[in-house]
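Colleague: Sequence first, predicted coordinates after that:
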Amino acid sequence: MMPIVAAIACTSFASAHQTGPDSYLAGYLIVPTGERVERAYNQGFSMYVAAWPLQSVYPGHRFQTGLPGTWMFAQYDGPGPKDMYSDVEGGLGWWTDTRFATTTPKFIMGGVGPNFSEIANGPSHGAGSWEDPKGLYGVAQLSPWLLFPIDGLNVKQGACGELFGYGYLNLPLLDPKPTTDGQDVPTGGNCWTLFLSTANFKGPVAFFTPYFWSHCGLKEPRLVGQLLDTRPMDPNMAIQMETQYIPCRVAVDSKGESYARIAPTSFPVNRDGRSALLHHSTSYDRRALWNAVSAWFKGGPPAPGAIDPEGAFPRTYRPNGYATWEIRIAGPNDTETKVPLDWNAFASFVTLDSRTFGLEWKSAAMGGRLTTLPEYYHLVNAADKNKARWEPIPVDQVPGETGLTAIVWKTPDEGRPETFSTPNDPSSCWKKPGPAAGPFKAHLGDGTVVTYYWYRFADQPALLNAGLTAKEREGLQARVEKIHRAWTKDRTYLALPAFGKLASIDPALIVKPPKGLEVGYVPIATRQEPARP
């Protein structure tokens with residue numbers, strides 16, 4: 001999350017020379033927030049983020065970048081545990097383990113166990129293997145109307161600047177208990193639940209099981225009571241856009257001057273030449289949703305599901321954002337030279353209003369709904385590590401001998417992606433007690449086919465691996481059935497954006513429960529594979 005300090009090593013060649021594919025562009029776009037959020041607003045957050053194709057050509061599985069997002073850490077009354085990193089940091093983007101990627105981003109949940117020991121990205125998706133799951137069972141499906149693919153939640157193909165609303169709210173779906181796996185290690189009751197606000201789906205989707213966090217205390221007693229099953233969230237979350245890899249080529253001409261070309265990289269733009277990237281980031285306290293749902297589960301009237309604005313703390317932004325994007329060139333012994341892009345030469349950070357953060361463009365090519373960054377750069381002040389930078393230049397200033405203008409960016413041939421599949425053993429939790437209906441097929445816009453089944457909510461594999469007794473699962477089942485009856489997908493939960501259009505989920509993921517399974521059952525993906533030609 002911290003800005004990367006640039007370093008420079010000057011290299012020259014007797015004749016023109018071009019780097020290989022190990023050169024790349026990486027860095028952060030930093031979003032400065034306004035006044036600090038009061039500590040009590042620690043029960044969830046939401047935001048609207050623009051969804052768009054950052055790269056016009058998918059550059060292969062080295063490509064890893066998130067669109068604007070955040071890191072949800074636990075809140076502590078004093079210093080947190082030393083040498084321990086754990087949070088929720090998913091969002092929209094592309095990752096090296098995305099198997100079926102397109103230029104349209106996908107959404108993952110991104111729950112991180114202590115020091116990345118486990119990762120939970122969604123129902124049926126996480127770190128490890130089925131023989132040694134390290135987060136594969138960390139998320140439970142909640143919605144009966146939205147199928148969550150194993151490879152990540154698909155945004156409808158063609159998204160180009162529409163706003164994707166999401167957030168996590170703590171719901172009292174489970175009660176805290178003094179044990180974990182029968183040992184005297186408490187498990188908290190926090191169920192951090194993903195809510196979406198899109199054009200064709202709104203409402204809760206899935207939640208991190210408290211066990212995903214608490215069972216780590218069985219191995220490390222110092223972490224008991226220190227993770228997100230027990231702790232609230234820190235409401236003053238950093239907001240950034242993290243980019244780890246964009247293709248780049250660097251060349252040195254016969255005069256020793258260095259030039260670079262980056263793969264076409266675009267941002268959404270409106271008619272005023274501005275990009276609205278982030279909108280309505282909000283933190284919540286218990287009045288937002290928790291109190292009403294808790295009273296409902298205790299016999300009170302049904303909670304409406306919509307966020308109570310009395311429990312919302314609207315976050316604001318300041319215009320003094322900045323970029324740490326830099327071109328990195330591989331050197332000997334795993335070293336890299338790192339020189340920043342002169343970002344201010346072509347864009348500045350602005351607030352479109354106090355609750356909308358974005359960019360204003362100076363010299364990028366305009367075309368339709370996207371603006372493309374300059375592709376060509378010249379290294380200036382190469383001998384001064386404090387002043388060296390890559391300045392954008394027009395294509396006619398690039399020496400032909402560098403060969404940069406002849407590059408054609410293509411998606412590399414990486415072979416047929418490996419199929420995602422879940423255990424088929426008749427004695428496994430996937431088959432015993434097993435699904436109530438299926439199999440069904442969903443044909444997605446990313447060119448894959450998802451096989452899924454309908455499971456009774458409490459019998460889904462994630463909950464059979466959540467450290468719950470049969471009685472606890474049945475109590476959870478009863479609460480979720482109330483939600484299924486009252487919280488439909490066409491209602492408003494998160495406050496709607498003040499402007500713009502909402503992005504859509506891939507329509508193939510909007511599903512309808514089979515007759516007789518409308519309440520208390522959920523769709524669970526068991527396989528995802530490329531569609532046959």
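Modeller: Received it, and whenever you're ready, just let me know what you need. Numbering: from 1, shown residues only.

Colleague: and the gap between Val519 and Ile510?
Modeller: With distances taken as C-beta to C-beta, to the nearest Å, Val519 is found 18 Å from Ile510. All C-beta atoms are positioned from the backbone trio N, CA, C, and that covers glycine.

Colleague: before we move on, what about Thr422?
Modeller: Relative to Ile510, Thr422 is positioned 22 Å away (C-beta to C-beta).

Colleague: Tyr85 now?
Modeller: Note on Tyr85: its distance to Ile510, by C-beta to C-beta, is 36 Å.

Colleague: Repeat that for Thr356.
Modeller: 28 Å.

Colleague: These two: which has the busier surroundings?
Modeller: Between Thr356 and Ile510, Thr356 has the larger neighbour count (other C-beta atoms under 10 Å), namely 22 against 15.

Colleague: Could you list everything that one pairs with in the sheet?
Modeller: For Thr356, the beta-bridge partners are His279, Asp353 (DSSP bridges).

Colleague: Against which helices or strands is the helix or strand where Gly27 lies packed?
Modeller: For Gly27, the host element (DSSP states H and E) is strand 24-31. When contacts are defined as 3 or more C-beta pairs under 8 Å, 6 or more residues apart in numbering; DSSP states H and E, strand 24-31 sits against strand 239-252, strand 274-284, strand 322-323, strand 326-330.

Colleague: 6 Å instead?
Modeller: Counting by 3 or more C-beta pairs under 6 Å, 6 or more residues apart in numbering; DSSP states H and E, the packing neighbours recorded for strand 24-31 are strand 239-252, strand 326-330.

Colleague: want to try TSV for those strands, with mean pLDDT and distance to Pro232 as columns?
Modeller: Shown next, in TSV, are the helices and strands packed on strand 24-31 (pLDDT from 0 to 100; distance: least, C-beta to C-beta, whole Å):
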stretch	mean pLDDT	distance to Pro232
strand 239-252	95	19
strand 326-330	93	36
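
Colleague: Out of the ones you listed, which gets nearest to Tyr493?
Modeller: Closest to Tyr493 of the helices and strands packed on strand 24-31 is strand 239-252 (C-beta to C-beta; 21.2 Å).

Colleague: in its sheet, what does that closest one sit against?
Modeller: Sheet partners assigned to strand 239-252 using DSSP bridges are listed as strand 17-18 (antiparallel), strand 24-31 (antiparallel), strand 64-66 (antiparallel), strand 69-70 (antiparallel), strand 258-262 (antiparallel).

Colleague: would TSV of the ones you listed with mean neighbour count be doable?
Modeller: Formatted as TSV, the strands paired with strand 239-252 follow (neighbours: other C-beta atoms under 10 Å):
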stretch	mean neighbour count
strand 17-18	18
strand 24-31	22
strand 64-66	21
strand 69-70	24
strand 258-262	25
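
Colleague: now those strands as CSV including mean pLDDT and distance to Ser294?
Modeller: Output for the strands paired with strand 239-252, formatted as CSV (pLDDT from 0 to 100; distance: least, C-beta to C-beta, whole Å):
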stretch, mean pLDDT, distance to Ser294
strand 17-18, 68, 62
strand 24-31, 95, 33
strand 64-66, 94, 33
strand 69-70, 96, 26
strand 258-262, 96, 51
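
Colleague: Tell me which residues are up against the longest helix anywhere in the chain.
Modeller: Scanning the chain for the helix with the most residues, using DSSP state H, yields helix 470-486. Outside helix 470-486, the residues that touch it by C-beta atoms under 6 Å, 6 or more residues apart in numbering are Pro144, Leu173, Leu174, Phe297, Pro302, Phe457, Ala458, Leu463, Val519, Gly520.

Colleague: Now with 10 Å, please.
Modeller: 140, 142-145, 171-175, 177, 191, 193, 203-204, 209, 293, 296-297, 302-305, 456-460, 463-464, 466, 468-469, 513, 518-522 (C-beta atoms under 10 Å, 6 or more residues apart in numbering).

Colleague: In strands, which of those residues fall?
Modeller: Ala140, Leu171, Cys191, Thr193, Gly203, Pro204, Arg456, Tyr521, Val522 (DSSP state E).

Colleague: Next, name the residue at the spatial heart of this protein.
Modeller: Residue closest to the average C-alpha location in the chain (C-alpha atoms, centre = their mean): Gly91, at 1.7 Å.

Colleague: just for this protein, where's the confidence low?
Modeller: For the chain, the stretches with pLDDT under 70 are 1-17, 19-21, 363-367.

Colleague: Mind doing that once more with 80?
Modeller: Scanning the chain for pLDDT under 80 picks out 1-22, 271, 363-368, 533.

Colleague: The closest residue to Tyr76 other than its chain neighbours: how many residues sit nearby?
Modeller: Closest residue to Tyr76 apart from its sequence neighbours, by C-beta to C-beta, 6 or more residues apart in numbering: Arg231 at 6.8 Å. Residues contacting Arg231 under the criterion other C-beta under 10 Å number 20.

Colleague: Likewise for Ala251?
Modeller: Neighbours of Ala251 under the rule other C-beta under 10 Å: 22.

Colleague: Check Ser23 too.
Modeller: Ser23: 21 surrounding residues under other C-beta under 10 Å.

Colleague: pretty sure it is touching Val252, no?
Modeller: No: with contact defined as C-beta atoms under 10 Å, Ser23 does not count as touching Val252 (11.9 Å).

Colleague: and Gln64, what is it in contact with?
Modeller: By C-beta under 10 Å, 6+ apart, the neighbours of Gln64 are Ala26, Gly93, Trp94, Trp95, Thr96, Asp97, Thr98, Glu242, Thr243, Gln244, Tyr245, Ile246.

Colleague: Please list only the buried members of these.
Modeller: Among the contacts of Gln64, those that count as buried by neighbour count (16 or more other C-beta atoms under 10 Å) are Ala26, Gly93, Trp94, Trp95, Thr98, Glu242, Thr243, Gln244, Tyr245, Ile246.
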